[in-house]
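Engineer: after the sequence you'll find the predicted model.
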Amino acid sequence: MDMSQYRDLFVSESQNHIRAFNDLIVQLESNSADSSIINELFRHAHSLKGMAATMQFDPVALLAHAMEDLLSKVRNEEFTLSPVIVDLLLEGSDALGVMISMIESGDSDLPDGADLAKRLAGFTPGSTPPPVPSPETAPEPVPPIPADTDPTPDRRGQATPGQHQFRQSDSFKSIRVRTEILDRLVNITGELITTRHHLADQAQNCPEARLDEPLGKLSVLLRELRDEVFRARMLPFSFIAERFPRLVRDLARKQGKEINLNIEGKNIELDRGILEEMTEPLVHILRNAVDHGIELPDERLAAGKPLGSEIRISVTRDKDHVNIVVSDDGRGMNPERLITKAVEKGIITRAQAGEMTPEEAFMLVCAPGFSTAETVSDVSGRGVGMDAVRSAVHNLGGKLAIKSESGQGSSFNLKLPISVSIINALLVECGKLIVAFPVNAIDRALELRSNDIKEEEGQIVCAMGTKSFPLKSLNHLLGQATPPGGAACAPAIVTSISGVPVGLLTDRILGQREIFVKPLGNPLARMHAITGGAIMGDGSIVFVLDVSALA
Amino acid sequence: MGTTVMIVDDSFFMRNILRGILNEKGYTVVAEAASGIEAMKYLHDRKPDIIILDIILPDSNGLDLLESTLRTHPLAKVVICSGIGQEPVIQKALAHGAKAFIQKPFTPEKVIEVLTSLEG
């Protein structure tokens, strides 16, 4: 029998076992009394062994067998679980992960895991523990992500091109579909929506064709289709979160910190594209929290805090948004010090510094160039990659907010749309251009009369309502000619940038429309503040703008 | 319909391989179950001639499952399928009514040999 036909299946199922194994083992460490976790771990190692032996991947089977053996000794209470055993088991699952990745890429020349298997098999509580870097071994480079925890969450879902179009999954009622097919479905749905707009535009020119009713029906069906296609792309947050406990554990252990990672709302679902885009940013935030947020044990003791610290990820759903909040109970950030540093670096002027609220000051950590890797103090380091985090969130049409309380900890709040690609947008005419703003990014649209617009301290502001806010010309920002003055009223859209409202004056607001956003290729993709493009019913192209990058 | 078989194994990979082997030799796989609960569900309405039972399942102890299987469907021929290291459980299973066992890793020939031996 030709076993190679089962290789893809073997790889994907093995990866599931390894992922579950890693997740469980970290749980086990914080809850070593739970024998059901040991049983589960044992079962994963056992299944993996059986599968590998069937496929004749002997090094995998050998290693899994040694891990199973060690686990069975822990289960039979021959030894009690210790960090050394956990390290050994994690080393084992890492090695298995590497082997499985090799098998996946068609490399059959697997490394010989005999040495590690021997160490697993020969473990006794008195034996020499594997070297664990002590907290003193500075400088601490950020460790690479272990090979088994692939940063792209959909990798296991992808079959090698040209091979199985789809795979049957764990029950007859569900099938595995390649992610490209799901992407194509979104694409086709988007094109259908565009075509419907085209049809509706044409229909307006010939009322005798009486297309209103079928067009209405078409709209309803398209919305259903869109929802179903999006549903098919949804994955629970746990899909990317499974590797976080391990990541935090490894980093914390290296630095001699004791950190408990709590994840709430693992089952909340998001579009896989969004999950994929958010994986690295979340890893950044977690790393920063471990490296800079959480204090060393001495410092915690001196501050009268419990030694064991906590990082919490909480995922909640709010209408068509998902909020991901990563918070820590570490030292927090000091807004004054952030402001001082930003002035020193020339990121803000002294005048700007004087007006900053603490919320705005915290957002400074996202300013490009705010922090560099070599400065290590309680206010630095956060900037490493935080600008990348902010732009990743913005590119998805989401928002990032930071809160912090000196001595109490910090929290990073990511507000993300549940799905991408097809969004509700406000279309705005600006000079010769028509541009689109995601409705989610806009607070409101206004028609300003000339007496609503005032000049304060050399700045044009809108003085409507209780609080005035600055106004900017969208035409100017986009390099379009400003219409001749004297118009009785000017439309403006109001958005908030880092929590501060800003009005953008424009020529005309055309209305709201569902658009299908396509990513731009190079060189257009490099254009500042433009996140994508969409084709209108009449074939014209509108650009989708990132409001926060504009102002 | 030839001899009917139900495969009980939590690994989709393993079920696939077994199904491949069985189909090739003219057996009809009437059900596949990934857990004890699923197995009991299918057992009632499909009444398979042979049940290939993995002894380590996420939700049940293999021996308990063997017992309830035989209570529900006494005519079923249960073949235990399990890996190295499970010998004590396999012994017990054989003492409690299992007809044969297949040790993982198996070859297609071994699977067929064991199943053929049941027909005599």
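Structural biologist: Alright, I've got the coordinates.

Engineer: please make it C-alpha for all contacts and neighbour counts, starting now.
Structural biologist: Fine.

Engineer: over to stretch A:298-312 now: how far is its first residue from its last?
Structural biologist: Start-to-end span of stretch A:298-312 (CA to CA, to the nearest Å) is 22 Å.

Engineer: again with stretch B:82-96
Structural biologist: Terminal residues of stretch B:82-96 are spaced 16 Å apart (CA to CA).

Engineer: from the chain's centroid, how far away is it?
Structural biologist: Distance of stretch B:82-96 from its chain centroid, counting by CA atoms, centre = their mean, to the nearest Å, is 13 Å.

Engineer: give the buried residues for that stretch.
Structural biologist: By neighbour count on 16 or more other CA atoms under 10 Å in any protein chain shown, the buried set for stretch B:82-96 is B:82-83, B:89-90, B:93-94.

Engineer: those residues into CSV, with extra columns for secondary structure?
Structural biologist: Converted to CSV, the buried residues of stretch B:82-96 look like this (DSSP: H, G, I helix; E, B strand; the rest coil):
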residue, secondary structure
B:Ser82, strand
B:Gly83, strand
B:Val89, helix
B:Ile90, helix
B:Ala93, helix
B:Leu94, helix
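
Engineer: quick one: low-confidence ranges for the stretch 151-300 of chain A?
Structural biologist: Low-confidence segments of the stretch 151-300 of chain A (pLDDT under 70): A:151-174.

Engineer: show me the strands in it, by range?
Structural biologist: Secondary structure of the stretch 151-300 of chain A by DSSP state E, counting those that start in this stretch: the strands cover A:166-168, A:175-177, A:234-236, A:259-264, A:269-271.

Engineer: any idea how far the residue of chain B found nearest chain A is from A:Asp23?
Structural biologist: Of all residues in chain B, the one sitting closest to chain A is B:Pro105 (4.6 Å; CA to the nearest CA). Relative to A:Asp23, B:Pro105 is positioned 27 Å away (CA to CA).

Engineer: now do B:Tyr42
Structural biologist: For B:Tyr42, the distance to A:Asp23 - CA to CA - is 32 Å.

Engineer: swap in A:Gly308?
Structural biologist: Distance of A:Gly308 to A:Asp23, given as CA to CA: 20 Å.

Engineer: the more surrounded of those two?
Structural biologist: Set A:Gly308 next to A:Asp23 and count neighbours by other CA atoms under 10 Å in any protein chain shown: A:Asp23 wins out with 18 against 13.

Engineer: doesn't that one lie inside a helix?
Structural biologist: Yes: applying three-state DSSP, one finds A:Asp23 inside a helix.

Engineer: quick one: residues contacting the closest residue to it other than its chain neighbours.
Structural biologist: Leaving aside its sequence neighbours, A:Asp23 sits nearest to A:Glu242 (CA to CA, 6 or more residues apart in numbering or on different chains; 5.8 Å). By CA atoms under 8 Å, 6 or more residues apart in numbering or on different chains, the contact set of A:Glu242 is A:19-20, A:22-23.

Engineer: mean confidence (pLDDT) on stretch A:475-494, please.
Structural biologist: Mean pLDDT, computed over stretch A:475-494, is 77.

Engineer: gap between the residue in the stretch 1-150 of chain A positioned nearest to chain B and B:Thr107?
Structural biologist: As assessed by CA to the nearest CA, chain B sits closest to A:Thr54 within the stretch 1-150 of chain A, at 4.6 Å. In this view, A:Thr54 and B:Thr107 are 8 Å apart by CA to CA.

Engineer: got the residues of chain B near chain A?
Structural biologist: By CA under 8 Å from any CA of the partner chain, the residues of chain B that approach chain A are B:11-14, B:17, B:21, B:34, B:56-58, B:83, B:104-108.

Engineer: need the distance between the two termini of stretch B:88-101.
Structural biologist: The first residue of stretch B:88-101 is 12 Å away from its last residue (CA to CA).

Engineer: quick one, strands of chain B?
Structural biologist: B:4-8, B:28-33, B:50-54, B:77-83, B:100-104 (DSSP state E).

Engineer: and the last one, what does it pack against?
Structural biologist: Just to be clear, that refers to strand B:100-104. Secondary-structure packing of strand B:100-104 (3 or more CA pairs under 8 Å, 6 or more residues apart in numbering or on different chains; DSSP states H and E): helix A:35-55, strand B:77-83, helix B:108-119.

Engineer: out of those, deepest packed?
Structural biologist: Ranked by mean neighbour count under mean count of other CA atoms under 10 Å in any protein chain shown, the helices and strands packed on strand B:100-104 are led by strand B:77-83, which reaches a mean of 24.

Engineer: sheet partners, orientation included, of that strand?
Structural biologist: In the sheet, strand B:77-83 lines up against strand B:50-54 (parallel), strand B:100-104 (parallel) (DSSP bridges).

Engineer: ok, and what's touching it?
Structural biologist: A:46, A:50, B:49-56, B:66, B:90, B:93, B:97-105, B:118.

Engineer: I'd say A:Ser238 and A:Lys266 touch.
Structural biologist: Yes: with contact defined as CA atoms under 8 Å, A:Ser238 counts as touching A:Lys266 (4.7 Å).

Engineer: report the set of residues contacting both of the two.
Structural biologist: In contact with both A:Ser238 and A:Lys266: no residue, using CA under 8 Å, 6+ apart.
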